[in-house]
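Trainee: Provided below are the primary sequence and the corresponding predicted coordinates.
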Amino acid sequence: MAAPADGHGAGMSVDPTAPSTPRRPRTAIVTGSESGIGRATAVALAELGCDVGVTWYRDEAAGERTAEEVRALGRRAEVRHLDLTRLPGAADVVDDLAEALGGVDVLVNDAGTGVSTPLLEMSYDDWREVLATDLDGAFLCLQRAARRMVAAGRGGRIVNITSVHEHQPRVGSSAYCAAKGGLGLLTRTAAIELAEHGITVNAVAPGEIATPMTGQEDVDPRGVDRPGVPLGRPGDAREIAAAVAFLASPQASYVTGHSLVVDGGMLQMGPMAGSHLTAGDWRRV
């Protein structure tokens with residue numbers, strides 16, 4: 001009798017070196033966690049029980065405020081500066097934070113940037129800054145964290161914050177789309193390569209989220225009208241953080257190589273989509 005298609009039963013081989021049942025993570029590093037999605041994610045992982053490595057780019061005081069929120073939950077926080085335009089050396093911060101925290105169970109690559117410039121007008125310097133920060137930097141941080149996870153032998157979780165523009169283009173965002181699309185495929189490739197070590201690698205792809213990056217700092221998204229989004233509003237950074245926390249948890253131990261889109265349904269609209277739409281005419285035939 002043949003073994004069941006799901007692999008259970010006679011003939012199933014098990015790698016004796018593979019990590020056992022996933023444990024709850026204890027340490028996490030979140031790049032770009034001085035504000036917005038990164039800050040919300042650092043707090044969500046602290047609520048999950050993690051000590052957190054916080055990084056800041058422009059505003060050290062903002063990074064310290066994130067750390068204070070983590071500490072208020074009874075978890076440790078370590079704060080470091082991270083400038084992903086200074087590569088490859090900037091990725092040393094992953095090793096520094098891992099040493100300070102006693103390891104790294106979760107890495108969240110959130111640090112990112114973007115420019116809104118037509119393709120024909122974009123300078124090479126702007127192109128390279130976006131690619132370096134959003135793709136090169138994410139690769140190097142992922143690599144550093146994964147090496148430590150493999151050496152520790154306890155598995156791990158890597159979550160890359162991409163964008164809906166991992167999946168769909170946007171006029172004026174060629175560098176951003178190229179970087180996020182590349183990060184999406186890096187996620188899938190890393191998921192395959194690292195699976196034997198019990199490390200899962202996933203992406204969270206936000207739509208428009210009310211953060212400083214979208215010019216909506218301290219805005220309640222439930223009071224913002226977005227006719228071009230099926231749920232009618234931007235997202236809250238904590239809604240992205242909740243998705244990341246799930247992917248970092250033991251409950252997501254069989255999820256890898258996936259891009260979890262959190263966009264209020266925008267991508268489901270296909271050619272009708274757009275957070276820029278000013279009316280809900282698309283809802284009617």
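Mentor: Right, received. Where do you want to start? Numbers count the residues shown, from 1 in each chain.
Trainee: how about the helices in this structure?
Mentor: With DSSP state H as the criterion, the chain has helices at 36-48, 60-72, 92-101, 124-131, 137-152, 174-194, 237-248.
Trainee: ranking these by burial, who's on top?
Mentor: Across those, the average number of neighbours (mean count of other Cβ atoms under 10 Å) peaks for helix 36-48, which reaches a mean of 26. Placement of C-beta: from N, CA and C, glycine included.
Trainee: for that one, name the packing helices and strands.
Mentor: strand 27-30, strand 51-56, helix 60-72, strand 106-109, helix 237-248 (3 or more Cβ pairs under 8 Å, 6 or more residues apart in numbering; DSSP states H and E).
Trainee: V130 versus A175, what's the distance?
Mentor: 4 Å (Cβ to Cβ, to the nearest Å).
Trainee: overlap in contacts of those two?
Mentor: Common neighbours of A175 and V130 (criterion: Cβ atoms under 8 Å, 6 or more residues apart in numbering): 114-115.
Trainee: give the contact list for C141.
Mentor: Contacts of C141 by Cβ under 8 Å, 6+ apart are 29, 31, 91, 94, 107, 109.
Trainee: and the closest residue to D136 other than its chain neighbours, what pLDDT?
Mentor: The shortest distance from D136 to any non-neighbouring residue, by Cβ to Cβ, 6 or more residues apart in numbering, is to L87 (5.6 Å). pLDDT for L87: 93.
Trainee: count of neighbours near L87?
Mentor: 14 (other Cβ atoms under 10 Å).
Trainee: what sits against it?
Mentor: 132, 136-137, 140.
Trainee: check contacts around R26.
Mentor: By Cβ under 8 Å, 6+ apart, the neighbours of R26 are 49-51, 103, 105.
Trainee: distance of the nearest residue to P118 once chain neighbours are set aside from D110?
Mentor: Once flanking residues are discounted, P118 sits nearest to G172: 5.7 Å by Cβ to Cβ, 6+ apart. For G172, the distance to D110 (Cβ to Cβ) stands at 23 Å.
Trainee: between these two, who's got more neighbours?
Mentor: Ranked by neighbour count (other Cβ under 10 Å), G172 and D110 place D110 first, with 25 against 16.
Trainee: give me the pLDDT for that one.
Mentor: Taking D110 on its own, its pLDDT is 97.
Trainee: repeat for the one 4 residues further on
Mentor: Turning to G114, the model gives it a pLDDT of 89.
Trainee: how about it, phi and psi?
Mentor: phi -170, psi 160 (degrees, to the nearest 10).
Trainee: from L48, how far off is it?
Mentor: 28 Å.
Trainee: equivalent analysis for L140, please.
Mentor: 25 Å.
Trainee: so which residues of the stretch 151-285 of the chain form strands?
Mentor: 156-161, 199-206, 259-262 (DSSP state E, counting those that start in this stretch).
Trainee: the second one packs against which elements?
Mentor: Using 3+ Cβ pairs under 8 Å, 6+ apart as the contact criterion, the neighbours of strand 199-206 among helices and strands are helix 137-152, strand 156-161, helix 174-194, helix 237-248, strand 259-262.
Trainee: what's the offset of that strand from the middle of its chain?
Mentor: Centroid separation for strand 199-206 versus its chain: 6 Å, with Cα atoms, centre = their mean, to the nearest Å.
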